[in-house]
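> Predicted model and sequence below, questions to follow.
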Amino acid sequence: AKLRTATFVLQSTTVKKLCGTQNIITVNGQFPGPTIHARNGDTVIVKVYNNAQYNATIHWHGVRQFRTGWSDGPEFITQCPIRPGGSYTYKFTLTDQEGTLWWHGHSSWLRATVYGALIISPRLGSTYPYTKPHGQVPILLGEWWNRNPIDVVNQATQTGAAPSVSDAFTINGRPGDLYQCSSSDTLHISVKNGETKLLRVINAALNTDLFFSVSSHTMTVVAVDALYTKPFQTNVLMLGPGQTTDVLVTADQSIGRYYMAARAYSSGQGVPFDNTTTVAILEYEGSSSTTSNPNMPNLPFYNDTQSATSFANGLRSLASNDHPVFVPRSVDKNLLYTIGLGLINCPGQSCGGPNGSRFAASMNNISFVLPTTSSILQAQHFGVKGVFSGDFPDNPPVQFDYTAQNVNRGLWSTVKGTKVKVLNYNTTVQVILQGTNIFAGESHPIHLHGYDFYIVGTGFGNYSPQNDPQKFNLVDPPMRNTVNVPVNGWAAIRFVADNPGAWLMHCHLDAHITWGLAMVFLVNNGPNSLLSLESPPVDLPQC
Ligand code: C2O
């Protein structure tokens, strides 16, 4: 195993997009930020200097951070922010993950421009469980605002209104041919006829589920969230923000140029549909760039839940001898968490939401509020009282038809809180994530820090504890760090709480985390020091 070291300098950088010029926060002046390459088993050390004028942290999305929770990165959960002028060194070891992960800012909406790929090759001496490709390309799907994204969210928070939508989708930071002033900046990926490329697709968008497709070419999915899958052929991917999908694409068509493209999957009722599409070009060697325009792939319509669902249902863990699965057969803690949007009453405040309320989002009706005087992990470790409470409920306060359209919303006026669920070391946990239609139904990409989990079942409507468990896949369910909970539906996840620390679970649509769609698992230390959280680093930022 090797040490992989990098230096990240957060700084303000001038970038031209969509016929205009913007100052954005970047890492080392690059947008997207630098790719980190490592092998499974390597240790990664990244020193971050914050030369920007905003608070910052970096999160290593999907890295398990076994015993190294201090390096996880979410602001006020595992660390206080790195203040302007400050620095912090993240250090962690990659364990049993191979494929594509990524890193991003985890403070306000910093991640709109602060993100990059983390590519994990097979462990030294081992190889891919599929035919070695002739090359690999990270495909980072993103969103672009013609404004500073942190100003966008701050304005929305002040007024209580919904934040404005982005001005473009991007591939590796570039909107592509179909947007104004963007064609000279379109990403070209060149392939030789007959060769196979590994595309490492990452949804780094802030607020949008995205379909992705390559014109005329079938994709073979081989991994999701840095965990191998059974090879699965498809013409379209759907990725929620936070998710990654590794696909093999063989240049088996006539020599030419083909668009790869991404556009929104917008499951919610009344959610504004952004009909814009970002493209990159797959360009065979020998095709002249003066020929006619590349063909567009057939992307599903924006509200095509069926396409999103059939893609998700095709995913299975590889579950081979070399890459076995250990799906828990029984559970110690069975939790039911509702997830959804709601409204919060706000007398005497500025309220930009419907009926003099403001938008909120919650889990089990609690809208999560970040602490400000300490991170949760620091408060726990140093015994600081009053930062959080340990009473996050195991069930929603009221049971009824969560997915009905016309429920009595008075039953359900959201409350704010900074509550955690405490888990003893090695507890086997099942969480039913139940989507609601209390304000509006929508699919939610729910991300758990510190763990990968098995998705043993998903469905539409209300979860039935009598009938649904009989249909669970306990043989080869997909394992991920982010699950798309279907619109007006549910997902059942299982994991063993063997990683001590404070682990945020949240919707990866940043608008929803801003509104409080989050909670924290506080996992106790194991029976000895080798199964416990390491000591905090000396340079850990203080609040
Ligand atoms: Cu990708 Cu809490 O983050």
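In hand now; what should we look at?
> What residue, apart from its backbone neighbours, is nearest Asn298 spatially?
Distances taken as Cβ to Cβ, 6 or more residues apart in numbering put Ser213 closest to Asn298, at 6.9 Å, once the chain neighbours are dropped. The way it works is simple: take the backbone N, C-alpha and C, and place the C-beta from them, glycine included.
> what secondary structure does the residue nearest to Ser108 when sequence neighbours are not counted sit in?
Nearest residue to Ser108, sequence neighbours excluded (Cβ to Cβ, 6+ apart): Ile150, at 5.2 Å. At Ile150 the chain is in helix, as set by DSSP: H, G, I helix; E, B strand; the rest coil.
> So what's the residue count around Ile150?
A count of nearby residues for Ile150, using other Cβ atoms under 10 Å, gives 21.
> does Ala162 count as helix, strand or coil?
Looking at Ala162 with three-state DSSP, the answer is coil.
> Just confirm it contacts Gln155, I think it does.
No: when contacts are counted by Cβ atoms under 8 Å, Ala162 is not listed as touching Gln155 (10.9 Å).
> any shared contact partners between those two?
Common contacts of Ala162 and Gln155 (Cβ atoms under 8 Å, 6 or more residues apart in numbering): none found.
> Distance check, the residue nearest to Ser108 against Ala168.
Separation of Ile150 from Ala168 (Cβ to Cβ, to the nearest Å): 18 Å.
> Check Ala162 too.
Distance, Ala162 to Ala168, using Cβ to Cβ: 19 Å.
> More neighbours: those two, which one.
Neighbour totals were compared for Ala162 and Ala168, and Ala168 leads with 22 against 16 (other Cβ under 10 Å).
> which ones are touching that one?
17-18, 143-144, 175, 179, 182, 276, 278.
> Can you list the low-confidence ranges for the stretch 301-450 of the chain?
347-350, 406-412 (pLDDT under 70).
> Would you mind naming what in it lies close to the ligand?
Within reach of the ligand by Cβ under 6 Å from any ligand atom, the stretch 301-450 of the chain has these residues: 447, 449.
> Strands of the stretch 301-450 of the chain, start to end?
Ranges of strands within the stretch 301-450 of the chain are 333-345, 357-363, 366-368, 415-417, 420-423, 427-435, 444-448, based on DSSP state E, counting those that start in this stretch.
> how about those strands in CSV, adding mean neighbour count?
Formatted as CSV, those follow (neighbours: other Cβ atoms under 10 Å):
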stretch, mean neighbour count
strand 333-345, 21
strand 357-363, 26
strand 366-368, 22
strand 415-417, 15
strand 420-423, 21
strand 427-435, 22
strand 444-448, 25
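> Does Leu517 touch Ile339 like I think?
Yes: between Leu517 and Ile339 a contact is recorded at 6.3 Å, counting by Cβ under 8 Å.
> Spit out the residues that contact these two alike.
361-363, 444, 507.
> Pick the one among those closest to the ligand.
Closest to the ligand out of the shared contacts of Leu517 and Ile339 is Cys507 (9.5 Å), distances taken as Cβ to the nearest ligand atom.
> ok now do that closest one, which residues does it touch?
Here Cys507 is in contact with 339, 361, 444-447, 513, 517-518 (Cβ under 8 Å, 6+ apart).
> The stretch 51-200 of the chain against the ligand: which residues are in contact?
So the stretch 51-200 of the chain meets the ligand at 59, 61, 74, 104, 106 (Cβ under 6 Å from any ligand atom).
> how about those in a markdown table, adding neighbour count, pLDDT and secondary structure?
Converted to a markdown table, those look like this (neighbours: other Cβ atoms under 10 Å; pLDDT from 0 to 100; DSSP: H, G, I helix; E, B strand; the rest coil):
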| residue | neighbour count | pLDDT | secondary structure |
| --- | --- | --- | --- |
| His59 | 29 | 98 | strand |
| His61 | 28 | 98 | strand |
| Pro74 | 24 | 98 | coil |
| His104 | 25 | 98 | strand |
| His106 | 26 | 98 | coil |
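> quick check, nearest of those to the ligand?
Nearest to the ligand, judged by Cβ to the nearest ligand atom, of those is His61 at 3.7 Å.
> Just give me the neighbour total for Gly20.
11.
> what do you get for the one 5 residues further on?
Using other Cβ under 10 Å, the number of residues around Ile25 comes to 24.
> Find the nearest non-adjacent residue to it, please.
Nearest to Ile25 is Ala52, by Cβ to Cβ, 6+ apart, at 4.7 Å.
> What residues does Ile150 make contact with?
54, 108-110, 112.
> Can you show me the helices along the stretch 351-500 of the chain?
Assigned by DSSP state H, counting those that start in this stretch, the stretch 351-500 of the chain shows helices spanning 376-382.
> ok, back up a step: can you pick out the most distant pair from the shared contacts of Leu517 and Ile339?
Greatest spatial distance among these (Cβ to Cβ): Ser362 and His444, at 11.5 Å.
> got any residues that touch both of the two?
By Cβ under 8 Å, 6+ apart, Ser362 and His444 have these common neighbours: 339-340, 517.
> Tell me the spacing between the residue in the stretch 351-500 of the chain positioned nearest to the ligand and Phe453.
With Cβ to the nearest ligand atom as the measure, His447 is the residue of the stretch 351-500 of the chain nearest to the ligand, at 5.2 Å. Distance from His447 to Phe453, counting by Cβ to Cβ: 10 Å.
> Please identify the buried residues of stretch 179-190?
179, 182, 185-187, 189-190 (16 or more other Cβ atoms under 10 Å).
> how far does it sit from the chain's center?
With Cα atoms, centre = their mean, to the nearest Å as the basis, stretch 179-190 stands 26 Å off its chain's centre.
> What average pLDDT does that stretch get?
Per-residue pLDDT over stretch 179-190 has a mean of 94.
> Just the C-alpha atoms of that stretch, please, in CSV.
Coordinates of each C-alpha in stretch 179-190 appear next as CSV, following Å, rounded to 0.1, in the frame of the first residue of the first chain:
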residue,chain,number,x,y,z
TYR,A,179,-25.8,26.0,-24.7
GLN,A,180,-24.9,29.5,-25.8
CYS,A,181,-21.2,30.4,-26.2
SER,A,182,-20.2,26.9,-25.2
SER,A,183,-19.3,24.9,-28.3
SER,A,184,-15.6,25.7,-28.3
ASP,A,185,-15.6,24.4,-24.7
THR,A,186,-17.3,21.0,-25.3
LEU,A,187,-15.5,18.0,-24.0
HIS,A,188,-14.3,15.6,-26.7
ILE,A,189,-13.3,12.0,-25.7
SER,A,190,-11.4,10.3,-28.4
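> Fine by me, thanks again.
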